[in-house]
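Engineer: show me the folded form of this:
(chains A and B, ligands or ions: 6)
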Amino acid sequence: MTPLVDIRDLSVRFTGERTVHALNGVDIALARGEVLGLLGESGSGKSVTLKAMLRMLPARRTVITGSINVSGRDVLAMDEHELEGMRGGVVSMIFQEATLALDPVYTIGDQIAETYVRHHDSSWAQGRQRALEMLDAVRIPSAKRRLDAYPHEMSGGMRQRAMIALALSCSPEVLLADEPTTALDATVQIQILLLLRELQREMGMAVIFVTHDIGVAVEISDRLAVMYAGKIVETGPLRDVMRNPSHPYTRGLLASTIHGARKGTRLEAIPGAPPRLDQLPQGCAFAPRCSLVGADCRDGDIAVVPRSDRHAVRCLRHAAEQEARSAVA
Amino acid sequence: MSETDVLTPTADVGGPQQPLLEVKGLSKHFAVGGSMFGKRSTVRAVDDVNFAVHKGEVLGIVGESGCGKSTTARLIIGLIEPDAGEIILDGELVGSTVSLRDMRRAVQMVFQDSYASLNPRLTIEDTIAFGPTVHGLAADKAHARARDLLAKVGLDPAQFAQRYPHEMSGGQRQRINIARALALAPRLVILDEAVSALDKSVEAQVLNLLIDLKDEFGLTYLFISHDLNVVRFISDKVVVMYLGEIVEAGPVEALFTDARHPYTRALLAAMPSHDPDARTQEAPIAGDPPNPIDPPPGCRFHTRCPFAEAVCSENAPRLTATGTAGHSTACHMVEPASGHTKAPAPAPAEQEIVECPT
Ligand SMILES: Nc1ncnc2c1ncn2[C@@H]1O[C@H](COP(=O)(O)OP(=O)(O)OP(=O)(O)O)[C@@H](O)[C@H]1O
Ligand SMILES: Nc1ncnc2c1ncn2[C@@H]1O[C@H](COP(=O)(O)OP(=O)(O)OP(=O)(O)O)[C@@H](O)[C@H]1O
Ligand code: SF4
Ligand code: SF4
Ligand SMILES: [Mg+2]
Ligand SMILES: [Mg+2]
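Structural biologist: Ligands and ions are numbered 1, 2, ... in the order given. This is a model prediction of the structure:
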């Protein structure tokens, strides 16, 4: 079966004073109803991946190569009209800042109604009805009254719920979520994560959930993809990646998280910092920080190798390390 | 102050038993809004806050956005004036026995935004040397010290001293902010979300560095963060704030394994799980934190608390000793004879109201 989302060898370059190699051959295959957690540090290319899928990058300064297929359609070949139909319909997106998705001058009810009518050729009354259903679905208290609220009249958590209601109003096949809980308070973040998990199950949509927080990724994902310098360096089912991280970067990332670290011990930090995307090193981009690096790592592109059924890693030495570890154990 | 004074911390006055910092009855209210209708509202940003930080300790302050963490920090270093309360540094009242100027050298602060706190037109070396020069150290000595400190925070002076902030990564800039804070040989460093903006792999490096520097320079930290994992890792004692008030305080392990306040418990339960087989099933509390303008009467948490009873909206609970030594909680459920159905029976001798937690 062909996947719902099929991204192959996607590269994105931003031209200008300096050329930024933001994505360098990204492959993503996402099945219907699957939740993929896209995990990576600042600047690794998470947001650019999502924006490329909706063709939201500045056309003039962006060079995109590779292919993006969603629901069997070639996104890179779509014209403006087709894109309009896809955005908010087949694929919709939620953000860290609800203000990016919500229009400050319209009420929440009208914004949802407008989106629904635009994609469904239905009456305004039906649109308003849908808005009410959606505000209920995202558990906004006294939904009926809130239909006529403006975004600025809502608290942060409430605005985030309203944005989710808007994004899901046309029952998208794919939801792109760009750190939608990062700016929220801890007690609100968990509410929104659980809400998304539940709505995803009910509606059966596929989700790409971008985050830099491993805990958040664990709460929401079926599968993880770890990004580094514009490439996916490891992907696999959530449990496999968490229990058996195989790329040196993934292992370092998991080891350096403070979660459960014992007081008085040293944290295992990855040395150095991510590379500049206008001066990417030859070969493996992680080489300057990697303790397993060898001369061959700097030669050319590193191929993806399978570790098990659906777990794959882009590293020349993950097997060597694995053996060394089991020998010690 | 003589030149060499700037290079050594101010002397220990009260010995190890005396807290380095005591905060007593600290309050700061902001008047906000209302220009159009003349109605002024009040944000009780910090309300009767008491705590002590002992020498060589790390005190963590946690709580959600707007609970008053940064305002507390700004009050301590004298960036804003308190409406009420005292700040006592090694036994001496700031503003009378200790001058504001001496206090500003003994207490340094590192902020979250590594970029905004650096002057873009100064080189790294000049940035670090600036404070000591202002405090009277000769330029050559100040620069030598700056280069020393760069090495101490893990940045090779030969490579970095002449760079500008925009030529550095976020983690490197935060190292510079730390070096700058140390340039005046402080005794207390306030770290306000100092690692929050860093990538996880870099955050670990900076936390390791902070621990090394603390040992090497005998520092005391006030560590403000909304990240409970980080706070647990670095702190000896922790204070939990909610809407301007301390709701619970105590030794770090007591707080994380034996939390008594319903809000602290909710905060802990809201932490995302790192175990795919033990995901969170239910949100510990519903709703958003209330508006800090005109906060709820009585216990400020009563609008979200699953255990709230009539008494909770009528009387404010007082910090009461609970469990382990030094552990205290402000909740009617632990305060003897508070009128809450779950309250313990009236005071046995050792159940006392504590004036100053930790
Ligand atoms: N419009 C643009 N023009 C030029 N460079 C860009 C543009 N958008 C993104 N970039 C660069 O592309 C790289 C990847 O950016 P992206 O926003 O995808 O990072 P991210 O993984 O989402 O990081 P974060 O966690 O900080 O959001 C970064 O180096 C960024 O500076
Ligand atoms: N100068 C000011 N004028 C008016 N209100 C203020 C001022 N400074 C802070 N406040 C308010 O005081 C309250 C406490 O703010 P503070 O910055 O101390 O919170 P915080 O705990 O540091 O939050 P965060 O986690 O978001 O940094 C907030 O409601 C804030 O809006
Ligand atoms: S390919 Fe080489 S440098 Fe890259 S992660 Fe693997 S061992 Fe390290
Ligand atoms: S005092 Fe009442 S409302 Fe406040 S935390 Fe305790 S039980 Fe809950
Ligand atoms: Mg991003
Ligand atoms: Mg703050």
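Engineer: quick one: is stretch A:44-61 near chain B?
Structural biologist: No. Stretch A:44-61 lies apart from chain B when judged by CB under 8 Å from any CB of the partner chain; the minimum separation is 9.1 Å. For the C-beta atoms, the positions are set from N, CA and C on the backbone; glycine is no exception.
Engineer: same check, this time on stretch A:281-288
Structural biologist: No. Using CB under 8 Å from any CB, stretch A:281-288 never reaches chain B; the gap is at least 10.8 Å.
Engineer: residue closest to the middle of the chain?
Structural biologist: Reading this off chain A. Nearest to the mean C-alpha position of chain A, by CA atoms, centre = their mean, lies A:V210 at 2.8 Å.
Engineer: oops, I was thinking of chain B
Structural biologist: Geometric middle of chain B (CA atoms, centre = their mean) lands on B:I224, at 3.7 Å.
Engineer: just want the residue of the stretch 101-250 of chain B that's nearest ligand 2.
Structural biologist: B:H226 (5.4 Å; CB to the nearest ligand atom).
Engineer: backbone phi and psi for that residue, please?
Structural biologist: Main-chain torsions, B:H226, degrees, to the nearest 10: phi -100, psi 0.
Engineer: what's the burial count for residue 92?
Structural biologist: Picking chain A for this. With neighbours defined by other CB atoms under 10 Å in any protein chain shown, the count for A:S92 comes to 26.
Engineer: that's the wrong chain, I meant chain B
Structural biologist: Neighbours around B:E92, by other CB under 10 Å: 17.
Engineer: likewise for A:T107?
Structural biologist: Residues within reach of A:T107, counting by other CB under 10 Å, total 17.
Engineer: that one is in contact with A:A149, isn't it?
Structural biologist: Yes. With contact defined as CB atoms under 8 Å, A:T107 counts as touching A:A149 (6.2 Å).
Engineer: helix, strand or coil for B:L209?
Structural biologist: Following DSSP: H, G, I helix; E, B strand; the rest coil, the label given to B:L209 is helix.
Engineer: mind listing what it touches?
Structural biologist: B:153-154, B:175, B:178 (CB atoms under 8 Å, 6 or more residues apart in numbering or on different chains).
Engineer: A:G66 against A:R8, yeah?
Structural biologist: Yes. Contact criterion CB under 8 Å: A:G66 and A:R8 qualify, at 5.7 Å.
Engineer: compare the two (neighbour count), which wins?
Structural biologist: A:G66 (16 against 13).
Engineer: surely the more buried one forms part of a strand?
Structural biologist: Yes. Under three-state DSSP, A:G66 falls within a strand.
Engineer: returning to what we had before: what about the helix or strand hosting the residue nearest to the centre of chain A and ligand 1, touching?
Structural biologist: In the assignment (DSSP states H and E), A:V210 maps to strand A:206-211. No. Contact of strand A:206-211 with ligand 1 (CB under 6 Å from any ligand atom) is absent, the minimum separation being 6.6 Å.
Engineer: likewise for stretch A:13-29?
Structural biologist: Yes. Interface with ligand 1: stretch A:13-29 contributes A:14, A:20, A:22 (CB under 6 Å from any ligand atom).
Engineer: for chain B, just list every one of the helices.
Structural biologist: Here chain B has its helices, by DSSP state H, at B:69-76, B:100-106, B:124-134, B:139-152, B:157-160, B:170-182, B:200-217, B:228-234, B:252-257, B:262-269, B:310-314.
Engineer: dump those helices to TSV, plus distance to A:A52.
Structural biologist: Rendered in TSV, the data for those read as follows (distance: least, CB to CB, whole Å):
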stretch	distance to A:A52
helix B:69-76	37
helix B:100-106	50
helix B:124-134	37
helix B:139-152	40
helix B:157-160	35
helix B:170-182	25
helix B:200-217	25
helix B:228-234	33
helix B:252-257	42
helix B:262-269	37
helix B:310-314	52
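Engineer: who wins for proximity to A:T187 among those helices?
Structural biologist: Among those, helix B:262-269 comes nearest to A:T187, with 5.6 Å by CB to CB.
Engineer: which strands or helices does that closest one pack on?
Structural biologist: helix A:186-203, strand B:237-242, strand B:245-251 (3 or more CB pairs under 8 Å, 6 or more residues apart in numbering or on different chains; DSSP states H and E).
Engineer: now distance to A:I214 and mean neighbour count too, for those, in JSON lines please.
Structural biologist: As requested, the helices and strands packed on helix B:262-269 are arranged in JSON lines below (distance: least, CB to CB, whole Å; neighbours: other CB atoms under 10 Å in any protein chain shown):
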{"stretch": "helix A:186-203", "distance to A:I214": "13", "mean neighbour count": "19"}
{"stretch": "strand B:237-242", "distance to A:I214": "23", "mean neighbour count": "26"}
{"stretch": "strand B:245-251", "distance to A:I214": "27", "mean neighbour count": "26"}
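Engineer: touching chain A at all, stretch B:247-254?
Structural biologist: Yes. Stretch B:247-254 is in contact with chain A by CB under 8 Å from any CB, via B:V252.
Engineer: is that stretch anywhere near ligand 2?
Structural biologist: No. Counting by CB under 6 Å from any ligand atom, ligand 2 is not contacted by stretch B:247-254; separation bottoms out at 13.2 Å.
Engineer: worst-scoring helix or strand of chain A, pLDDT-wise?
Structural biologist: helix A:318-328 (a mean of 60; mean pLDDT, DSSP states H and E).
Engineer: contacts only, for the residue nearest to the centre of chain A.
Structural biologist: A:38, A:46-47, A:49-50, A:176-179.
Engineer: could those residues be laid out in TSV, adding pLDDT?
Structural biologist: Formatted as TSV, those follow (pLDDT from 0 to 100):
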residue	pLDDT
A:L38	98
A:K46	95
A:S47	95
A:T49	98
A:L50	97
A:L176	98
A:A177	97
A:D178	96
A:E179	94
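Engineer: ok, and the most crowded of those residues?
Structural biologist: Going by other CB under 10 Å, A:L38 tops the contacts of A:V210 with 29 neighbours.
Engineer: of the contacts of B:L209, which is the nearest to ligand 4?
Structural biologist: B:I178 (36.9 Å).
Engineer: mind checking how far that closest one is from chain A?
Structural biologist: 15 Å (CB to the nearest CB, to the nearest Å).
Engineer: I'd guessed that residue sits against B:D212; true?
Structural biologist: No. B:I178 lies out of contact with B:D212 (CB under 8 Å); the separation is 10.9 Å.
Engineer: hmm, back to that, quick check: bridge partners of the residue nearest to the centre of chain B?
Structural biologist: In this entry, B:I224 is beta-bridged to B:I61, B:D192, by DSSP bridges.
Engineer: distance of it relative to B:Y115?
Structural biologist: To B:Y115, B:I224 is 19 Å away according to CB to CB, to the nearest Å.
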